[in-house]
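**Q** Generate coordinates for the sequence data below:
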Amino acid sequence: MNFRACSLRSAAVLSFTLSFFAVTTASAASGKVIDRLEASVNNLMILKSDLKNFRDTVSLRAQLDPLFAGTNVAAKGTQASDSEITEFLVDEKLIAQQFPVTDTEVEQEVNSIQANNKIDRAHLKAALKEQGYTFDDYFDLIRTSAAKRNLIDRDIRTKVSITDDDVKNYYYNNLAKNSTAPLAYKVKIITLTPSNYKVQAAAKEAAERALAAVKSGEAFEDVAKRLSDDATAATGGDLGTLTDDQMSPAIRDPLKKMQIGQVSGVLGDYKSRFFILKLIDITSTQNDQLLKMTNEIRSQLAATEYQRQVALWIERQRQNAFIHRSGESSVAGLPQAR
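**A** Residues are numbered from 1 along each chain as shown. As a prediction, this is how the structure comes out:
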């Protein structure tokens with residue numbers, strides 16, 4: 001047993017519990033609760049007042065927070081529940097702990113913003129006040145935003161890559177899905193014909209070996225040259241670019257469900273042949289429209305992938321952090337927060 005980890009966890013719960021009583025009984029003489037602890041993340045606290053502050057500054061956050069758009073709380077805004085806001089703030093605490101930003105760094109960023117907008121501190125504070133915000137709100141959100149940008153720059157950015165094939169796949173499978181414009185498919189094939197084998201089952205086994213070789217990293221073209229008995233074997237299985245009316249249903253139907261760059265499973269049967277397809281590219285008379293939308297699609301796919309990678313990062317951090325929420329059971333012997 002890791003006694004150090006256990007002791008740290010117990011200490012965190014003790015800190016949470018004692019902090020709870022500190023914020024809820026600070027005005028015990030008057031019997032008033034001045035604040036309430038909603039959750040703790042390792043040694044950081046999330047108070048009831050933080051939830052109120054979130055709702056009060058949600059519009060400002062939307063302008064500053066690089067990871068706010070696309071989240072559940074962004075969609076709901078001030079209507080998000082306390083638990084939804086709490087979980088969002090838990091994630092923020094995890095990011096802040098891994099990518100701390102000093103007051104000096106925040107000051108430098110604020111000064112840079114002022115310089116870019118050609119305003120001084122007094123005018124910045126006046127502009128914030130006019131919108132219903134305090135400079136402290138702004139300062140804290142700049143810190144949070146800087147921490148999130150550091151996460152993106154140092155950990156996430158290198159994991160996000162949107163290829164031309166990704167853009168084409170999105171376009172043809174979503175935006176042009178119901179278009180009547182004819183499509184043409186550049187295809188490669190590996191064919192294993194049962195009649196070429198003494199035992200028909202050997203053809204299926206050969207097809208499965210070919211697929212396994214491709215999945216293990218061997219180039220599709222090399223496997224085609226080595227194992228395929230199709231007339232295209234010498235050219236790496238290249239069937240060229242085919243339109244719908246140039247393909248049999250056995251090839252056309254699975255091909256229409258594939259993504260560019262994807263390799264099919266083993267298709268066909270003992271009556272004709274077994275084969276494996278690779279979709280190399282899709283073209284159409286709508287290519288001009290695709291080119292016009294490429295940057296927009298790439299940005300949209302990148303934003304989605306950034307959110308996915310951030311969610312994976314946060315999930316890993318949650319697994320290693322001690323997170324305690326108000327109302328959850330505490331360590332034995334300690335009172336439960338109410």
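**Q** all contacts plus neighbour counts: C-alpha atoms, from now on.
**A** Noted.
**Q** for this protein, what helix or strand is lowest in average pLDDT?
**A** None of the helices or strands of the chain scores lower by mean pLDDT, DSSP states H and E than helix 3-24, at a mean of 45.
**Q** any weak-confidence spans in the chain?
**A** 1-33, 178, 329-338 (pLDDT under 70).
**Q** Without its sequence neighbours, what residue ends up closest to Q259?
**A** Sequence neighbours aside, N169 is the residue nearest to Q259 in space, at 5.8 Å (criterion: CA to CA, 6 or more residues apart in numbering).
**Q** Also V187?
**A** Spatial nearest neighbour of V187, chain neighbours left out: L279 (4.9 Å); criterion: CA to CA, 6+ apart.
**Q** I'd like to know which elements the host helix or strand of the one you found is packed against.
**A** For L279, the host element (DSSP states H and E) is strand 274-284. Secondary-structure packing of strand 274-284 (3 or more CA pairs under 8 Å, 6 or more residues apart in numbering; DSSP states H and E): strand 183-192, helix 200-215, strand 267-268.
**Q** In the following helix or strand past the longest one, which residues are buried?
**A** Following helix 200-215 in sequence order, the next helix or strand is helix 220-227 (DSSP H and E). Using 16 or more other CA atoms under 10 Å as the test for burial, helix 220-227 gives 220-225, 227.
**Q** possible to save the residues you listed as a markdown table with distance to A126?
**A** Formatted as a markdown table, the buried residues of helix 220-227 follow (distance: CA to CA, whole Å):
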| residue | distance to A126 |
| --- | --- |
| F220 | 64 |
| E221 | 66 |
| D222 | 68 |
| V223 | 69 |
| A224 | 70 |
| K225 | 73 |
| L227 | 75 |
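**Q** Of those, which is the nearest to A62?
**A** Nearest to A62, judged by CA to CA, of those is F220 at 46.8 Å.
**Q** Just give me the neighbour total for the closest residue to the closest one other than its chain neighbours.
**A** Distances taken as CA to CA, 6+ apart place V214 nearest to F220, at 5.7 Å, with adjacent residues excluded. Using other CA atoms under 10 Å, the number of residues around V214 comes to 17.
**Q** what about the residue nearest to Q259, which helix or strand?
**A** Using DSSP H and E, N169 sits in helix 164-170.
**Q** Next, the buried residues of that helix.
**A** Buried residues in helix 164-170, counted by 16+ other CA under 10 Å: 166-170.
**Q** again with stretch 175-188
**A** Residues 183-188 are the ones in stretch 175-188 that count as buried (16+ other CA under 10 Å).
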